[in-house]
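[1] take this sequence and fold it.
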Amino acid sequence: MLELKHISKYFPGVKALQDISVDFREGEIHAILGENGAGKSTLMKIICGIYQADEGTVSLNGKELHLKGYKDAVNHHISIVNQEINLIPDASIAENVVLDKMHRFTKAGIVNWKGVYETASKYLQMVKLDLDPRTPVRHLSAANKQLIQIAKALSSEAEVLMLDEPTSSLTQYEANILFDLVRDLKKRGVIMIFVSHKLEEVQMISDRVTVFRDGCLVGTDRIENMDRDRIVQMMIGRKTSVIYRGRLDAYDNEVALEARNISSKLYGFENLSFQVRKGEILGFYGLVGSGRTELVRTVLGVDKKSGGEVYVNGQLAKTDSLAVSLHKYKIGYVTENRKEEGLFLDNSIRMNICMNSLQKDYVSASLPFISGKKESENAELYRQKLEIRSPSINTKVGSLSGGNQQKVSIAKWLSAECDTIIIDEPTVGVDIGAKEYIHRLIWDLAAKENKAVILISSDMNEIISLARRMLIFKDKKIVNELKGEEFFAQPGEVISAEIGKFFV
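    Okay, the predicted model is just below:
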């Protein structure tokens with residue numbers, strides 16, 4: 001048993017955890033739930049030695065632990081799979097898998113590479129990855145990188161395995177492989193701590209659930225006693241549901257962005273077309289890798305197209321790069337990969353919010369200097385508007401919770417005053433409370449500010465709640481279009497069944 005007694009952790013101006021007592025049992029999958037900033041990540045970092053508790057004790061099998069770092073945790077067979085990709089891009093798969101255990105394969109300064117590759121292959125097979133362990137990880141998909149992180153954790157022969165949003169980058173097929181693996185580890189007696197914002201996953205795989213709110217423990221119970229409504233109410237203090245937000249009636253509005261017969265040799269799709277009107281939310285729905293994100297990146301010039309044309313406000317546009325799309329055509333792109341592409345984690349909220357809009361009014365016309373005062377005023381405006389929880393605008397973005405990081409990522413493009421905004425997986429890794437807020441924000445962009453919005457999501461309820469027209473992607477093709485205010489006003493389960501027909 002892993003047991004935590006009276007754990008408290010303080011940061012400047014923040015009580016991250018307050019008097020937490022909870023136990024995790026052998027052969028059990030124990031879910032930790034809570035809004036972003038509730039204290040889940042802090043607790044996991046204390047368990048694996050990255051943080052030390054200010055008060056309280058951590059014990060494993062009755063012996064009190066005094067971990068001084070993650071390497072110490074690995075030596076005690078405690079391992080974690082982070083939501084963020086923490087791999088060395090130019091190193092091989094094998095080197096990444098055994099990175100924190102390389103000393104086991106080294107003698108007198110000589111590395112036993114045969115042993116390294118054999119060990120990596122063993123754990124790659126466990127996660128069903130058929131890849132050469134000598135392959136550099138840089139150009140692998142996000143899903144493959146996540147599975148490599150899981151293989152790395154397994155190679156520690158963990159007695160305690162923590163999984164932090166492990167399916168955020170995985171397709172359903174890959175997630176099912178992971179769940180089968182987790183069930184097998186459960187049979188072997190491994191203590192598993194599972195953090196996810198996907199409540200259907202928690203209900204499917206967990207034995208017990210512990211809920212945190214604002215650094216405090218709300219309660220622990222067995223999963224059979226925890227239906228969705230009770231879990232949500234414990235997390236945010238109120239009930240929530242998928243709601244129909246009303247009509248947009250944008251069908252007669254001017255077309256803001258149109259793509260005609262876009263083709264890409266890089267991604268392997270041909271002649272894909274769409275248009276989105278001002279005041280409209282157009283949904284792109286499909287699984288990861290179905291062509292949704294790939295099409296948008298090609299249209300915006302992030303990746304080169306091999307054919308087709310792009311029109312902005314009815315005029316032919318040369319969107320050769322994301323910078324041109326932004327500054328010349330006022331198109332914003334909130335990437336799904338906020339950690340690597342969307343934000344500068346080591347920089348402040350102020351810098352991140354203002355980075356795409358420096359030309360607006362922060363730079364003097366006569367002197368090439370940024371007005372710190374105007375920049376601060378703008379950043380504070382959007383911090384308050386999006387309810388970004390932080391001590392100040394000078395807080396480093398990397399220290400924020402996932403939901404607040406996502407708000408900063410969106411604020412960056414709102415500050416640039418884009419006319420068309422493309423938002424890719426806006427609520428992946430975001431808690432229910434922050435998800436509701438982001439949904440309301442997206443709706444208001446179209447309904448109140450008359451912006452054209454493209455919403456890319458693999459969350460069916462998210463699409464149903466927000467979009468009023470939807471393109472369905474499968475195998476790098478647009479296989480259908482669903483539209484009509486009357487259609488989206490139907491019960492969610494009716495729409496879900498209609499969409500599901502295309503994936504049978």
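[2] for residue 418, helix, strand, or coil?
    The three-state label given to residue 418 by DSSP: H, G, I helix; E, B strand; the rest coil is coil.
[3] low-confidence stretches in the protein?
    36, 169, 171, 237-243, 288, 359-368, 429, 431-432, 493, 503-504 (pLDDT under 70).
[4] what is the burial count for residue 210?
    Residues within reach of residue 210, counting by other Cβ atoms under 10 Å, total 23. C-beta coordinates here come from the backbone N, C-alpha and C atoms, glycine included.
[5] bridging residues for it?
    Judged by DSSP bridges, the bridge partners of residue 210 are residue 32, residue 220.
[6] how far away is it from residue 219?
    7 Å (Cβ to Cβ, to the nearest Å).
[7] residue 24 too?
    As judged by Cβ to Cβ, residue 24 and residue 219 stand 15 Å apart.
[8] these two: which has the busier surroundings?
    A direct count of neighbours by other Cβ under 10 Å for residue 24 and residue 219 places residue 24 higher, at 21 against 12.
[9] neighbours around the closest residue to residue 221 other than its chain neighbours, how many?
    Nearest residue to residue 221, sequence neighbours excluded (Cβ to Cβ, 6 or more residues apart in numbering): residue 209, at 6.3 Å. Residues within reach of residue 209, counting by other Cβ under 10 Å, total 24.
[10] where does residue 128 land in three-state SS?
    Following three-state DSSP, we place residue 128 in the coil state.
[11] contact partners of stretch 74-87?
    Stretch 74-87 is contacted from outside by 44, 47-49, 60, 65, 67, 70, 73, 96, 100-101, 137, 142, 145-146, 148-150, 152-154, 156-166, 168-169, 339-340, 402, 429, using Cβ atoms under 8 Å, 6 or more residues apart in numbering.
[12] list the buried ones in that stretch?
    74, 76, 78-85, 87 (16 or more other Cβ atoms under 10 Å).
[13] and residue 122, what does it touch?
    Counting by Cβ under 8 Å, 6+ apart, residue 122 touches residue 155.
[14] swap in 6 Å and give it another go.
    Counting by Cβ atoms under 6 Å, 6 or more residues apart in numbering, residue 122 touches no other residue.
[15] now do the helices in the stretch 251-400 of the chain.
    Using DSSP state H, counting those that start in this stretch, the helices found in the stretch 251-400 of the chain span residues 292-299, 322-327, 349-354, 358-361, 372-385.
[16] so how far is the second one off the chain centroid?
    If you compare the mean C-alpha spot of helix 322-327 with that of the full chain, they lie 24 Å apart, counting by Cα atoms, centre = their mean, to the nearest Å.
[17] tell me the buried residues in that helix?
    When burial is assessed from 16+ other Cβ under 10 Å, helix 322-327 yields the following buried residues: 322, 325-326.
[18] let's have those residues in TSV, adding distance to residue 498.
    Formatted as TSV, these follow (distance: Cβ to Cβ, whole Å):
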residue	distance to residue 498
322	34
325	33
326	36
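[19] returning to that earlier point: columns secondary structure on top of the buried residues of stretch 74-87, output as JSON lines?
    As requested, the buried residues of stretch 74-87 are exported to JSON lines (three-state DSSP):
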{"residue": "74", "secondary structure": "helix"}
{"residue": "76", "secondary structure": "coil"}
{"residue": "78", "secondary structure": "strand"}
{"residue": "79", "secondary structure": "strand"}
{"residue": "80", "secondary structure": "strand"}
{"residue": "81", "secondary structure": "strand"}
{"residue": "82", "secondary structure": "coil"}
{"residue": "83", "secondary structure": "coil"}
{"residue": "84", "secondary structure": "coil"}
{"residue": "85", "secondary structure": "coil"}
{"residue": "87", "secondary structure": "coil"}
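[20] nearest to residue 174, of those?
    Set against residue 174, the nearest of those by Cβ to Cβ is residue 81 (13.5 Å).
[21] distance of that closest one relative to residue 191?
    Distance from residue 81 to residue 191, by Cβ to Cβ: 14 Å.
[22] then residue 408?
    Residue 408 is 35 Å from residue 191, by Cβ to Cβ.
[23] nearest to residue 488, of the helices of the stretch 251-400 of the chain?
    Smallest distance to residue 488 across the helices of the stretch 251-400 of the chain (Cβ to Cβ): 18.8 Å, for helix 292-299.
[24] show me what that closest one is packed up against.
    Applying 3 or more Cβ pairs under 6 Å, 6 or more residues apart in numbering; DSSP states H and E, we find helix 292-299 packed against strand 255-264.
[25] mind checking how far the strand it packs on is from the chain centre?
    In terms of Cα atoms, centre = their mean, the centre of strand 255-264 is set 27 Å apart from its chain centre.
[26] list the contacts for the residue nearest to residue 221?
    Residue 209 touches 31, 223, 226, counting by Cβ under 6 Å, 6+ apart.
[27] tell me the spacing between the closest residue to the second one other than its chain neighbours and residue 399.
    The spatial neighbour of residue 223 that comes closest, neighbours along the chain excluded (Cβ to Cβ, 6+ apart), is residue 206 at 4.9 Å. With distances defined as Cβ to Cβ, the gap from residue 206 to residue 399 amounts to 29 Å.
[28] quick one, which of those two is more surrounded?
    Here residue 206 and residue 399 are compared on neighbour count by other Cβ under 10 Å; more neighbours surround residue 206, at 22 against 15.
[29] report the contact partners of the more buried one.
    Contacts of residue 206 (Cβ under 6 Å, 6+ apart): 29, 31, 223.
[30] could you report the separation of it from residue 196?
    According to Cβ to Cβ, residue 206 and residue 196 sit 9 Å apart.
[31] try residue 116
    Distance, residue 116 to residue 196, using Cβ to Cβ: 32 Å.
[32] what's the answer for residue 393, then?
    Relative to residue 196, residue 393 is positioned 31 Å away (Cβ to Cβ).
[33] next, count neighbours for residue 369.
    As a burial measure, residue 369 scores 9 neighbours (other Cβ under 10 Å).
[34] and for residue 467?
    Neighbour number of residue 467 under other Cβ under 10 Å is 25.
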